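Trainee: Return a 3D structure for these sequence lines:
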Amino acid sequence: MNTFDPAALECLAAIVEEGGFDRAAQRLHITQSAVSQRLRALEAQVGTVLIVRSRPIKPTSAGNLLLKHTRQMRLLRADVERELRELAPNSTRGARDEERISLAVNADSIATWALPALDALARQGAPLELITDDQDFTQEWLREGQVLGCVTTMKQALRGCKVVGLGAMRYVAVARAAYAQERLPGGLTAHNFRDVDFVAFNRKDDLQAEFVARAAGLRHVALHQLFVPSSEGQVRAVLAGWGVSVVPELLVRGLVAQGELVNVAPDTSVHVQLYWHCWNLESAVLDQLTAALTQAASEALSAG
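Mentor: I've put the predicted structure just below:
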């Protein structure tokens, strides 16, 4: 089996993660020419092209395979660093940028329970990188080897990975109190949902339509939607009177209690089951991540 040069592997990862040769050179503190030479040497060793030189730069299938291997090696180094800190607590060595521990987490979890779960790790100096996407799509980041774990709605484990149930996120429909009084005096119904705007996360977000269909007793609905790609941004848009939004109850609990927001469909809610997926490797870092996320989720989420 070929032994790949760790420097060349990190060079490949830097090109993909930074989106180009120039930024990769800046991150690795080498020249752009050296970046190109390391990549060419690695491609010659593998015998195939590893990246598609497009905008944005994309890894080939072989490139993705080597990227996954690189990130697994980072995880092993993180384990070693963790054990060394325990043996030599006065060590001042910090994690290098290329040793980032990347996780794909849906925006609603980041906005509610996930950051507190990762607080201890971050304070210990773990080089965390959170990548946000819709909860139905975060698993693709893991499938492509771009992250070592993800929070997703998908239950089936990928090959080489393990999965743990986290619980269910409860979603409710809210509007600014004055907006609800003016536009939805009797609450959200099958007769008035077309008269209001809905603030969705992005075009992948089908939760708004799913919620309204359930509340209205219809199979399919068409909504007029505005898009704000931030969980907190959706709430701010609703507070500004943009319309109605289906958001995590955890995120708006205080605002509803204060009367600033109103639950416009109190008899309806949607529960979205979440799962933690990660590589099936023996790793103290992965074990710590899994324990932290499952503990926080058990306290914040419902049993499903």
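
Trainee: When you work out contacts or count neighbours from here on, use the C-alpha atoms and nothing else.
Mentor: OK.

Trainee: buried ones in whatever helix or strand residue 238 lives in?
Mentor: Element membership for residue 238 (DSSP states H and E) is helix 231-239. Neighbour-count burial for helix 231-239 flags 231, 232, 234, 235, 237, 238, 239 (criterion: 16 or more other C-alpha atoms under 10 Å).

Trainee: what's in contact with it?
Mentor: If you take C-alpha atoms under 8 Å, 6 or more residues apart in numbering as the criterion, helix 231-239 is touched by 107-108, 111, 174-176, 199-201, 228, 243-245, 247, 252, 260-261.

Trainee: ditto for stretch 146-157
Mentor: 64, 67-68, 71-72, 101-106, 135-139, 141-142, 163, 165, 272-279.

Trainee: got any ranges where this protein has weak pLDDT?
Mentor: 1-2, 81-99, 304 (pLDDT under 70).

Trainee: The lengthiest strand in it vs helix 231-239, what angle?
Mentor: Using DSSP state E, we find that the single longest strand of the chain is strand 161-176. Counting by axes from the mean of the first three to the mean of the last three C-alpha atoms, to 10 degrees, strand 161-176 lies at 20 degrees to helix 231-239.

Trainee: Are there helices or strands packed against strand 161-176, and which ones?
Mentor: Under the contact criterion of 3 or more C-alpha pairs under 8 Å, 6 or more residues apart in numbering; DSSP states H and E, strand 161-176 touches helix 231-239, strand 245-248, helix 249-257, strand 261-263, strand 270-279, helix 284-300.

Trainee: still on that earlier bit, filter the contacts of stretch 146-157 down to the buried ones.
Mentor: By 16+ other C-alpha under 10 Å, the contacts of stretch 146-157 give 64, 67-68, 71-72, 101-106, 135, 137-139, 141-142, 163, 165, 272-279 as buried.

Trainee: residue boundaries of the strands in this structure?
Mentor: All strands of the chain, identified by DSSP E, fall at 51-52, 58-59, 101-106, 128-133, 149-152, 161-176, 197-200, 224-227, 245-248, 261-263, 270-279.

Trainee: The third one pairs with which strands, parallel or anti?
Mentor: Read that as strand 101-106. Applying DSSP bridges, strand 101-106 is found paired with strand 128-133 (parallel), strand 149-152 (parallel).

Trainee: try the second one
Mentor: Each strand that pairs with strand 58-59, with its direction, by DSSP bridges: strand 51-52 (antiparallel).

Trainee: Could you single out the most deeply buried of the strands paired with strand 101-106?
Mentor: strand 149-152 (a mean of 28; mean count of other C-alpha atoms under 10 Å).

Trainee: Please enumerate the helices of the stretch 51-200 of the chain.
Mentor: For the stretch 51-200 of the chain, helices defined by DSSP state H, counting those that start in this stretch occupy the ranges 61-87, 107-109, 115-123, 138-143, 177-183.

Trainee: List the buried residues for the third one?
Mentor: I take that to be helix 115-123. Using 16+ other C-alpha under 10 Å as the test for burial, helix 115-123 gives 117, 118, 121.

Trainee: export it as CSV, just CAs?
Mentor: The C-alpha trace of helix 115-123 is given here as CSV (Å, rounded to 0.1, in the frame of the first residue of the first chain):
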residue,chain,number,x,y,z
LEU,A,115,-23.4,25.4,21.0
PRO,A,116,-23.8,24.8,24.8
ALA,A,117,-23.1,21.1,24.1
LEU,A,118,-19.8,22.0,22.5
ASP,A,119,-18.8,24.7,25.0
ALA,A,120,-16.5,22.6,27.1
LEU,A,121,-14.7,21.3,24.0
ALA,A,122,-14.2,24.8,22.6
ARG,A,123,-12.9,26.0,26.0
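
Trainee: Roughly how far does the spatially closest residue to residue 300 that is not a sequence neighbour sit from residue 251?
Mentor: Distances taken as C-alpha to C-alpha, 6 or more residues apart in numbering place residue 113 nearest to residue 300, at 6.4 Å, with adjacent residues excluded. Using C-alpha to C-alpha, to the nearest Å, one obtains 9 Å as the distance from residue 113 to residue 251.
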